[in-house]
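A.B. asks: this one's sequence-less:
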């Protein structure tokens, strides 16, 4: 079986699975619970807490949540480092709040396990070990140092040392066991999903190669008789032209080339040949290949390829990776689906980056969905005009989700926006009035390396199955 492309299966592992919005929503739940617990303890249980410091600890989470919601789009998926630092902040905030409310005498100290378990299911091993070690150190610190719980009468509420020691051991065991258990299950699930992806890719390639083999077999069968006739006639001509060396050489050459054609057809066989020339192509060729299926659908697709000021005017040659072609194709398809008459595909490159911008003259993205574009299975109530224009459209967001996922796996960053302000008057609306998607790659991620570009391509090799 052919190896699955590492860009799809291994790049950044599972770290990009975590959405910022998910952690924000969980943090809002934690903030609500922490606030309710503090107010309930002080109001109904008669526990004297330092309300000021407790509110400061909770306020840190509030500020972080608000800042994250404002600074980043709702569909942002966090990197390994960003997720680890976010969970570390949550762990520190919770540890400080538990420190103010009795340490391990506070039963809510159990919640310290939550960030570690999340890390075990989503992050790599070293990140999980780092957060696990931090939580164990924090639990040990809280067992010895904390602000004890007091009632308004001055009575100190504290567990017996035996129970306190037992709770400390239980929390440490919980960190190790639960995180290890969660990581093992998550790894098995992840490995199975990757195996299924690799299997589907192998089956898809096998199907394509089988189809190719059928075409080659048919061509070999149909061309076998003509090639044999050419070879036979050229052999007879060579024998008859022994006294004319120049003509005999031509006849021998014809026989050799006919033999070579037959050999080529046999070599292609069912495994085909891997065309080395098709591994890389100018970016214009790749983009046009991606757009080709949608250029004859009644909308005009405009292309513009140019370098930024100061950059080399020569088009960069990029890797013809299927995720790039399929991702750009989905973006262009979406633009053609909603465009009124025109779609613009602008490709720009500098010495450091390559960008592709897809714009249209349609209605643009719905304002209430702009922050969620790129999430799967996103539904919204369709307007009557949309239903009439595209009755078959389901609007689940899978096309943009697939495009965003594939392109991000290739190293790109995507930005979704609308070209015009919805409050403009009709005469103020620009020609490019619809949706705009910008895809930006660092050149090092997609460009043909000097090593690949140097020297001859060499003989095409057999495809590996």
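C.D. replies: Right, received. Where do you want to start? These figures come from a predicted structure and were not determined experimentally.
A.B. asks: How is this protein divided into domains?
C.D. replies: 6-199, 206-274, 279-451 (automatic domain parsing).
A.B. asks: Which of the ones you listed has the lowest mean pLDDT?
C.D. replies: Of all the domains of the chain, mean pLDDT reaches its minimum on domain 206-274 (a mean of 75).
A.B. asks: can you pull out the strands in this protein?
C.D. replies: 149-150, 156-157, 273-274, 280-282, 300-307, 317-319, 342-349, 353-360, 413-418, 435-442, 461-462 (DSSP state E).
A.B. asks: For this structure, which residue occupies the most central location?
C.D. replies: Residue closest to the average C-alpha location in the chain (Cα atoms, centre = their mean): residue 405, at 3.2 Å.
A.B. asks: Endpoints of stretch 104-116, how far apart?
C.D. replies: 17 Å (Cα to Cα, to the nearest Å).
A.B. asks: Need the residues that contact that stretch.
C.D. replies: Applying Cβ atoms under 8 Å, 6 or more residues apart in numbering, the contact partners of stretch 104-116 are 30, 37, 87-88, 90-91, 94-95, 98, 101, 103, 128, 131-132, 135, 138-139, 142-143, 146, 148-149, 157-159, 164, 167-168, 171, 174-175, 178-179. C-beta here means a position set from N, CA and C on the backbone, and glycine is covered the same way.
A.B. asks: Show me which of those are buried.
C.D. replies: Among those, those classed as buried by 16 or more other Cβ atoms under 10 Å are 30, 37, 87-88, 90-91, 94-95, 98, 101, 103, 128, 131-132, 135, 138-139, 142-143, 146, 149, 158-159, 164, 167-168, 171, 174-175, 179.
A.B. asks: In space, what's closest to residue 443 - neighbours in sequence excluded?
C.D. replies: residue 354 (5.7 Å; Cβ to Cβ, 6 or more residues apart in numbering).
A.B. asks: ok, that neighbour - how many residues close by?
C.D. replies: Residue 354: 21 surrounding residues under other Cβ atoms under 10 Å.
A.B. asks: ok, it - contacts?
C.D. replies: 283, 316, 318, 347-348, 440-441, 443, 446-447.
A.B. asks: which residues does it bridge with?
C.D. replies: residue 349, residue 441 (DSSP bridges).
A.B. asks: and the residue of the chain most remote from its centre, what are its phi and psi?
C.D. replies: No residue in the chain sits farther from the centre than residue 243, which is 70.1 Å out by Cα atoms, centre = their mean. The phi and psi values for residue 243, taken as degrees, to the nearest 10, are phi -90, psi 0.
A.B. asks: picking up where we left off before, how close does the residue nearest to residue 443 get to residue 77?
C.D. replies: Using Cβ to Cβ, to the nearest Å, we find residue 354 at a distance of 22 Å from residue 77.
A.B. asks: re earlier: in helices, which of the contacts of stretch 104-116 appear?
C.D. replies: 30, 37, 87-88, 90-91, 94-95, 98, 128, 131-132, 135, 138-139, 142-143, 164, 167-168, 171, 174-175, 178-179 (DSSP state H).
A.B. asks: What count of nearby residues applies to residue 155?
C.D. replies: 12.
A.B. asks: Need the nearest residue in space to residue 30, chain neighbours excluded.
C.D. replies: residue 61 (6.9 Å).
A.B. asks: So what does residue 365 have for phi and psi?
C.D. replies: Backbone torsions for residue 365, taken as degrees, to the nearest 10, come to phi -80, psi 140.
A.B. asks: do residue 314 as well
C.D. replies: Note on residue 314: its backbone torsions stand at phi -70, psi 130 [degrees, to the nearest 10].
A.B. asks: Now residue 402. Nearest residue, chain neighbours left out?
C.D. replies: Excluding the flanking residues, the one nearest residue 402 by Cβ to Cβ, 6+ apart is residue 330, at 5.9 Å.
A.B. asks: For that neighbour, give its distance to residue 337.
C.D. replies: Per Cβ to Cβ, residue 330 is found 10 Å from residue 337.
A.B. asks: and if you look at residue 66?
C.D. replies: 36 Å.
A.B. asks: And residue 167, by the same measure?
C.D. replies: From residue 167 over to residue 337 the distance is 59 Å, taken as Cβ to Cβ.
A.B. asks: Please look at residue 324 and residue 411 and confirm they touch.
C.D. replies: No - between residue 324 and residue 411 there is no contact under Cβ atoms under 8 Å: 9.6 Å.
A.B. asks: Looking at the two, which has the bigger crowd around it?
C.D. replies: Higher neighbour count among residue 324 and residue 411: residue 324, with 27 against 17, using other Cβ under 10 Å.
A.B. asks: ok, and the closest non-adjacent residue to that one?
C.D. replies: Nearest one to residue 324, counting by Cβ to Cβ, 6+ apart, is residue 410 at 5.2 Å.
A.B. asks: residues contacting that neighbour?
C.D. replies: Residues in contact with residue 410 (Cβ under 8 Å, 6+ apart) are 7, 321, 323-324, 327, 441, 445-446.
A.B. asks: Just to be sure, which of those are found in helices?
C.D. replies: Per DSSP H, the contacts of residue 410 map to helices at 7, 323-324, 327, 445-446.
A.B. asks: separation between the residue lying closest to residue 304 once chain neighbours are set aside and residue 339?
C.D. replies: Spatial nearest neighbour of residue 304, chain neighbours left out: residue 346 (4.7 Å); criterion: Cβ to Cβ, 6+ apart. Taking Cβ to Cβ as the measure, residue 346 falls 15 Å from residue 339.
A.B. asks: go on, residue 242?
C.D. replies: Taking Cβ to Cβ, one finds residue 242 at 70 Å from residue 339.
A.B. asks: more crowded one of these two?
C.D. replies: Neighbour totals were compared for residue 242 and residue 339, and residue 339 leads with 24 against 9 (other Cβ under 10 Å).
A.B. asks: ok, back up a step: do you know how far the residue nearest to residue 30 is from residue 240?
C.D. replies: 95 Å.
A.B. asks: So these two - more neighbours on which side?
C.D. replies: Taking other Cβ under 10 Å, residue 61 and residue 240 do not tie; residue 61 has more neighbours (19 against 12).
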